[in-house]
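Asker: Pasted the sequence and its predicted model underneath.
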Amino acid sequence: MVNPIPENVKKIWDEWNIRGVILLSLSLQAILFLFASLRKTTANKLIILLIWSVYLLADWSAIFALGLISNSLGDNPDHSAENTTDLLASWTPFLFLHLGGPDNITAFALEDNELWFRHFVGLLIQALAALYIFLLSFPKTKLAIPTILLFVAGSIKYLERTRAFYLASFDGFQDSVPPDPGPNYAKFMEEYHVKRKEGFDITIKPRSAESGASSVIDKKIHKLDDEPQVVNCAYYYFQIVKGLIVNQVLGFRQYQESRDFFLNVTPEEAYKIIEVELNLIYEVLYTKIKVVCSVQGCIIRFISCALVVTAFSVFHLKVKNHGFDDFDVAITYTLFLGAISLDIMSLFILVSFDFTSGALKIINSHISAMLSCILNLKKPRWYSCVEHKHEVLATPFLFGRWSGYVSGHNLLSYCLKGRPTRVHRVKNFLHRGFEKSIHSLRIDVLIRITVSAFVKVSHLSRLDKLLHCLGLINELVISWLGLNDFVDGLRYVSHEPLTKELWKFIFDELREKSQFADNPEAAMKISSSRGEWILQNRDYWNILMPYVTQVTYDESLLLWHIATELLYQTDDAGETHDINREISKLLSDYMLYLLIIHTTMTSAVAGIAKIRFGDTCAETMKFFRERSLKPNPGKEACNKILAVHTDIKPAIVKGDRSKSVLFNASMLAKELKQLDDKWKLMSKIWVELLSYAACFSGSRAHAQQVIKGGELITFVWLLMAHFGLQQHFQNVTM
């Protein structure tokens with residue numbers, strides 16, 4: 001049988017496979033180090049997919065290289081020159097360093113942390129493989145000392161990564177939350193009975209919060225214009241709310257302290273604190289910061305770096321006295337310089353982490369100026385959009401703590417196959433230009449433009465038919481592979497930068513609710529509201545309340561989403577830039593995006609959202625086809641929906657065959673159209689729908705989202721926790 005691989009190709013592979021794979025391993029480590037942090041500043045699925053691919057390849061290439069070296073030396077130790085054998089054996093511990101990974105990425109997902117014991121077993125197996133390779137070249141090797149030094153340094157790096165996995169696992173993170181035994185009950189009761197025997201009349205009152213915020217906060221938190229103070233404040237409150245990640249029920253004192261503080265800060269200050277808290281969650285769960293940022297961690301890291309430098313010095317002296325292959329020596333120098341460079345750059349990365357600044361609490365020291373400069377680079381920046389009279393978040397993405405995006409999905413636009421358009425454009429977001437090119441990519445249009453330049457006009461109709469057939473085949477392939485949600489996320493999801501006005505409105509609404517949440521029962525009632533709290537005590541509550549209380553959450557959200565879009569497109573006052581109108585539109589599209597595209601964030605309240613959405617889309621598309629509506633007609637399509645008479649409820653005509661809510665939403669829009677303050681009311685209801693989803697969303701989903709660009713709902717989730725509007729306070733008695 002003929003060998004399909006030519007002999008010359010096989011010869012090249014046999015000669016260069018080890019060298020190529022080990023250089024690939026080093027390159028992947030450098031790429032991971034440079035780009036791993038981008039996953040917290042972008043929501044682009046393709047960028048995250050690329051980082052994930054590099055993450056997997058980095059471990060694979062190191063393990064594969066170990067196997068190649070073992071096979072090369074084990075099958076025929078005398079196959080190559082003695083000096084080459086020495087160098088091959090000395091490359092093995094570099095792979096251990098690579099398996100230790102960069103400091104700014106350990107886990108790619110939370111599930112990786114739960115597999116910490118598997119990584120530990122992998123360490124033992126790879127250590128045995130490295131020991132086997134070393135013994136094959138021992139005792140003739142001239143590089144025994146640098147190899148042993150590198151092996152120890154690599155083992156330390158691998159153990160650091162395994163330790164980081166454990167500390168970020170559910171059990172490890174739960175253990176990091178210190179237990180709170182409370183006041184000494186036994187001692188109190190002894191003193192109580194002694195006093196009673198002595199004849200004292202003692203009245204016992206329930207213990208509550210002593211005096212609100214602690215002295216640490218009282219003294220330091222009034223200067224939140226200073227970025228180090230913001231980080232210290234965020235670090236302090238992170239120690240309180242980090243228990244939410246492992247579903248810990250927080251005490252009343254913690255609730256009262258946090259609530260009192262956040263009731264007295266501005267929306268901008270609250271945003272800064274929560275942004276840092278989310279970044280702390282990212283650093284603790286997905287990097288080595290908790291391992292390195294300690295006295296023991298610093299000592300171990302210093303030892304590891306010193307061993308690498310010492311090994312490099314010894315190797316450099318050996319090269320002078322022994323004749324090694326020049327190319328293999330160059331590879332070895334590259335590996336040494338790569339390892340040392342990554343260690344030096346890791347030092348700067350670790351210093352720039354928010355966790356480092358918060359843990360060290362450096363306020364007045366010689367390096368405080370340098371830390372202040374680093375932290376000021378990450379300070380939120382707002383860009384004034386004169387055209388729309390908004391201030392939008394415009395922090396450079398290289399220094400951002402999250403993407404700054406509020407994504408959106410619109411049902412009517414999706415049914416018309418209209419591509420989303422951007423309202424606010426921030427020019428200094430370099431990666432957003434890349435994302436825009438991805439979202440606006442139309443292969444069929446590019447093909448038609450290219451081919452039409454070479455095809456006669458009379459043949460263009462045939463070309464259109466061909467492209468139509470190709471489009472149908474493309475859709476069938478996407479559907480067969482189960483990639484509909486992924487592709488829809490690229491095609492039909494809009495991305496708007498967070499506006500200061502939107503955040504202020506959400507903050508003010510939640511702060512107002514928090515003032516009524518004086519006890520856990522009141523907090524539970526308010527946080528469980530999804531529109532009824534706003535509608536109560538209003539003249540028209542009996543008209544609108546059925547659209548909130550007599551339907552499930554997913555049905556209510558779809559009803560209000562379609563009604564919002566119908567009114568937004570047909571509102572004659574659309575040119576006045578009503579802030580409540582813009583907020584309603586933004587939150588309406590965002591909540592549908594969470595419900596349909598990003599389902600993990602609303603899985604606890606989604607119900608049969610996918611089925612209801614599908615039925616509604618089917619009815620909407622049928623309605624549009626019958627009227628020959630084209631993509632993005634906007635106002636025309638909405639007017640045609642509102643023109644349909646709805647004297648009889650749709651359920652009477654259709655029964656329960658379809659879950660579509662299109663014309664129920666039209667009925668709601670007609671009711672809202674008669675109200676003078678409809679946009680103010682709708683914006684408040686959308687905040688309630690958002691806060692309801694945030695309250696009942698799982699903490700794990702929020703922890704996972706910080707590595708995918710972050711979400712506004714996670715900000716709301718933490719803000720509600722600080723205001724005491726979370727279910728984690730509901731079982732706490734005073």
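Answerer: On my side now, so go ahead. Numbers count the residues shown, from 1 in each chain.
Asker: which regions of the stretch 401-550 of the chain sit below the pLDDT cut-off?
Answerer: Regions of the stretch 401-550 of the chain meeting the criterion pLDDT under 70 cover residues 421-468, 471-472, 474-475, 479, 482, 520.
Asker: All the strands of the stretch 151-300 of the chain, residue numbers only.
Answerer: Listed in chain order, the stretch 151-300 of the chain contains no strands at all (DSSP state E, counting those that start in this stretch).
Asker: where are the low-confidence patches of it?
Answerer: For the stretch 151-300 of the chain, the stretches flagged by pLDDT under 70 are 177-184, 188, 192, 199-223, 250-252.
Asker: Just the helices from it, written as ranges.
Answerer: Counting by DSSP state H, counting those that start in this stretch, residue ranges of the helices within the stretch 151-300 of the chain are 170-176, 185-197, 215-220, 227-241, 252-262, 267-286, 289-292, 295-321.
Asker: so which of these gets nearest residue 478?
Answerer: Taking Cβ to Cβ, helix 267-286 is the member of the helices of the stretch 151-300 of the chain nearest to residue 478, at 30.8 Å. Quick note: C-beta positions are derived from backbone N, CA and C, even for glycine.
Asker: On the three-state scheme, residue 572 is what?
Answerer: Using DSSP: H, G, I helix; E, B strand; the rest coil, the secondary structure recorded for residue 572 is coil.
Asker: Tell me, how many residues neighbour it?
Answerer: 6 (other Cβ atoms under 10 Å).
Asker: How about the secondary structure of residue 496?
Answerer: Reducing the assignment to helix, strand or coil with three-state DSSP, the entry for residue 496 is strand.
Asker: if we can go back for a sec, is it possible to export the helices of the stretch 151-300 of the chain to CSV including mean neighbour count and distance to residue 608?
Answerer: Below are the helices of the stretch 151-300 of the chain laid out as CSV (neighbours: other Cβ atoms under 10 Å; distance: least, Cβ to Cβ, whole Å):
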stretch, mean neighbour count, distance to residue 608
helix 170-176, 15, 30
helix 185-197, 10, 49
helix 215-220, 13, 45
helix 227-241, 22, 33
helix 252-262, 21, 35
helix 267-286, 24, 31
helix 289-292, 23, 41
helix 295-321, 15, 49
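Asker: out of these, nearest to residue 30?
Answerer: helix 295-321 (15.8 Å).
Asker: what packs against the closest one?
Answerer: Counting contacts by 3 or more Cβ pairs under 8 Å, 6 or more residues apart in numbering; DSSP states H and E, helix 295-321 packs against helix 144-168, helix 289-292, helix 326-352.
Asker: Make TSV out of those and add distance to residue 190.
Answerer: Below are the helices and strands packed on helix 295-321 laid out as TSV (distance: least, Cβ to Cβ, whole Å):
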stretch	distance to residue 190
helix 144-168	39
helix 289-292	40
helix 326-352	49
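Asker: Between those, which one is closest to residue 590.
Answerer: With respect to residue 590, and counting by Cβ to Cβ, the nearest of these is helix 144-168 at 29.0 Å.
Asker: Which elements pack onto the closest one?
Answerer: Judged by 3+ Cβ pairs under 8 Å, 6+ apart, the packing partners of helix 144-168 are helix 82-100, helix 110-114, helix 116-137, helix 170-176, helix 267-286, helix 289-292, helix 295-321.
Asker: pLDDT averaged over stretch 50-62, what's the number?
Answerer: Model confidence over stretch 50-62 averages 93 on the pLDDT scale.
Asker: Please identify the helix or strand for residue 391.
Answerer: Per DSSP states H and E, residue 391 falls inside strand 390-393.
Asker: Can you point out the buried residues in stretch 652-659?
Answerer: Judged by neighbour count (16 or more other Cβ atoms under 10 Å), stretch 652-659 contains these buried residues: 658, 659.
Asker: next one: it to chain centre, how far?
Answerer: The offset between the C-alpha centroid of stretch 652-659 and the centroid of the whole chain comes to 40 Å, using Cα atoms, centre = their mean, to the nearest Å.
Asker: Only C-alpha atoms, please: export that stretch in PDB.
Answerer: Coordinates of the C-alpha atoms in stretch 652-659 are reproduced here as PDB (Å, rounded to 0.1, in the frame of the first residue of the first chain):
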ATOM      1  CA  ILE A 652     -61.200  33.700  22.300                       C
ATOM      2  CA  VAL A 653     -60.400  33.400  18.600                       C
ATOM      3  CA  LYS A 654     -57.200  31.300  18.700                       C
ATOM      4  CA  GLY A 655     -57.800  29.200  21.900                       C
ATOM      5  CA  ASP A 656     -54.700  27.700  23.400                       C
ATOM      6  CA  ARG A 657     -53.200  26.400  20.200                       C
ATOM      7  CA  SER A 658     -50.600  29.200  20.000                       C
ATOM      8  CA  LYS A 659     -48.700  31.000  22.700                       C
END
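Asker: quick revisit: contacts for the strand holding residue 391?
Answerer: 380-385, 404, 424, 426, 496-501, 582 (Cβ atoms under 8 Å, 6 or more residues apart in numbering).
Asker: Apply 6 Å and report the result again.
Answerer: With contact meaning Cβ atoms under 6 Å, 6 or more residues apart in numbering, strand 390-393 is reached by 382, 383, 384, 385, 404, 424, 497, 498, 499, 500, 501.
Asker: who wins for proximity to residue 598 among the helices and strands packed on helix 295-321?
Answerer: Between residue 598 and these, the tightest spacing by Cβ to Cβ is seen for helix 144-168, at 22.9 Å.
Asker: Buried ones in that closest one, by neighbour count?
Answerer: Within helix 144-168, the residues that count as buried by 16+ other Cβ under 10 Å are 144, 146-151, 153-168.
Asker: Angles on the backbone of the nearest residue to residue 231 once chain neighbours are set aside, please.
Answerer: The shortest distance from residue 231 to any non-neighbouring residue, by Cβ to Cβ, 6 or more residues apart in numbering, is to residue 357 (4.8 Å). The phi/psi pair for residue 357 (degrees, to the nearest 10) reads phi -60, psi -40.
Asker: okay, residue 357: pLDDT?
Answerer: Confidence at residue 357, expressed as pLDDT, is 84.
Asker: next one: residue 614
Answerer: On the pLDDT scale, residue 614 is placed at 92.
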